[in-house]
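> how would this look folded up:
(one chain, ligands or ions: 2)
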Amino acid sequence: MEATGNGVIGTPATITSQGLSTGGGLGAIAIRGVGKTFKTGKTSFRALDNIDLEIRANEFVTILGPSGCGKSTLLRIVAGLEEANEGAVCVDGDSVVGPGADRGMVFQGYTLFPWLTVRQNIEYGPKLKGVSILERRAISNRYLRITRLEPFANRFPKQLSGGMKQRVAIARALANGPKVLLMDEPFGALDAQTKLEMQEALLDVWEKEKTTVLFITHDIDEAIFLSQRIIVMGAGPGRILKAYPVTLPAERTSEVREHSEFLKLRRELAALLKHKEE
Ligand SMILES: Nc1ncnc2c1ncn2[C@@H]1O[C@H](COP(=O)(O)OP(=O)(O)OP(=O)(O)O)[C@@H](O)[C@H]1O
Ligand SMILES: [Mg+2]
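Ligands and ions are numbered 1, 2, ... in the order given. I've put the predicted structure just below:
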């Protein structure tokens, strides 16, 4: 089993002309009683305490919280890159014991292979799985189209803008047919305009692909715009403070940002996070 940065390669999936089938497009995540203590020499640090979170198949959930409250640690545990000391994580009832192709990862910072073109980066995961060249081409064509990268298929990462690189990272994660997309501040380094475009592109992909998304951000507006539910975490030890359902229209156009519900939620979240960071 091998983790490759944005695309986590692991268990086999069925290959179809649409990409790698996800066995029914499910992706419900159950996080139960998860705790994590980091030990460094004689000191230990309680990073996560008794985390319980159920995420429905095809739900879009965002985690907000101050720096150091354990957001990345939790995501890495769901990805199978980190082991919990207590509790368990299941995806569609199967315990997470390591990275798997059912969970695609997109982090901040573009861990693309610099020596591969955009298309080759997208086809990397399917190629590792032994997918035929014809099928691989069908997969890369699909995700190049969805992420609007077709004109750049033969470019190398260093010839791309930050937003384009991040779209390749998303396309590369999707090419493995994940049921779940785990995203850790994927747009944190982008300029404001590119960030808004990427948010809309991500919602588009989410609607088309029916993946479950677990997304981490520091950006309250980003959390509200994208999510169906927002989980606020606090530190010392890392734990869930509160969950907010986002009752905005399903169609998230830029007008949604002026919606009274959006503004109300923004105020509430800002007050809660400000209090936590004081
Ligand atoms: N491998 C590790 N060894 C020791 N401590 C760690 C390790 N990884 C994380 N920590 C500690 O656990 C805590 C949570 O880290 P984590 O990266 O999950 O925070 P975060 O909420 O993602 O923060 P940020 O918003 O800054 O990314 C931090 O205090 C961090 O120092
Ligand atoms: Mg983090």
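> list the contacts for Arg145?
Counting by C-beta atoms under 8 Å, 6 or more residues apart in numbering, Arg145 makes contact with nothing. Heads up, the C-betas are built off the backbone N, CA and C, glycines and all.
> tell me how far it lies from ligand 1.
Arg145 sits at a distance of 32 Å from ligand 1 (criterion: C-beta to the nearest ligand atom, to the nearest Å).
> wait, is that residue part of a helix?
Yes - secondary structure of Arg145 (DSSP: H, G, I helix; E, B strand; the rest coil): part of a helix.
> what's the burial count for Gln159?
12 (other C-beta atoms under 10 Å).
> need the nearest residue in space to it, chain neighbours excluded.
Spatial nearest neighbour of Gln159, chain neighbours left out: Phe152 (7.9 Å); criterion: C-beta to C-beta, 6 or more residues apart in numbering.
> and the helices in the stretch 101-250 of the chain, which stretches?
Taking DSSP state H, counting those that start in this stretch to define them, one finds helices in the stretch 101-250 of the chain at 118-128, 133-146, 162-174, 192-209, 220-226.
> check which residues of stretch 124-133 are buried.
Of all the residues in stretch 124-133, those buried under the rule 16 or more other C-beta atoms under 10 Å are 124-127, 129, 131.
> just give me the closest of those to ligand 1.
For the buried residues of stretch 124-133, the residue nearest ligand 1 by C-beta to the nearest ligand atom is Gly125; the value is 25.1 Å.
> quick one: the closest one and Pro99 touch, right?
No - taking contacts as C-beta atoms under 8 Å, Gly125 lies outside contact range of Pro99: 11.6 Å.
> reformat the helices of the stretch 101-250 of the chain as a markdown table; add mean pLDDT.
Below are the helices of the stretch 101-250 of the chain laid out as a markdown table (pLDDT from 0 to 100):
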| stretch | mean pLDDT |
| --- | --- |
| helix 118-128 | 96 |
| helix 133-146 | 93 |
| helix 162-174 | 89 |
| helix 192-209 | 87 |
| helix 220-226 | 97 |
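> closest one to Arg46 among the ones you listed?
helix 220-226 (25.0 Å; C-beta to C-beta).
> what does the closest one rub up against?
Helix 220-226 is touched from outside by 60, 62, 64, 187, 195, 199, 202-203, 213, 215, 217, 230, 246, 248, 252, 256-257, 262, 265-266, 269-270, 273, with contacts defined as C-beta under 8 Å, 6+ apart.
> mark which of these are part of strands, please.
Mapping the contacts of helix 220-226 onto strands (DSSP state E) picks out 60, 62, 64, 213, 215, 230.
> coming back round to it: ok, how many other residues are close to the residue nearest to Gln159?
Applying other C-beta under 10 Å, we find 19 other residues in the vicinity of Phe152.
> and it, how far from ligand 1?
Plainly put, Phe152 is 30 Å away from ligand 1 if you go by C-beta to the nearest ligand atom.
> mind checking pLDDT for that residue?
pLDDT, Phe152: 97.
> which residues does it contact?
So Phe152 contacts 118, 159-160, 164 (C-beta under 8 Å, 6+ apart).
> put the buried members of those residues into a PyMOL selection.
To isolate the buried members of the contacts of Phe152 in PyMOL, using 16+ other C-beta under 10 Å:
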select buried, resi 118+160+164
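> name the residue most distant from the centre of the chain?
Within the chain, Lys42 marks the point farthest from the mean C-alpha position, 33.8 Å out by C-alpha atoms, centre = their mean.
> where does the prediction get shaky in the stretch 1-150 of the chain?
The stretch 1-150 of the chain contains residues with pLDDT under 70 at 1-25.
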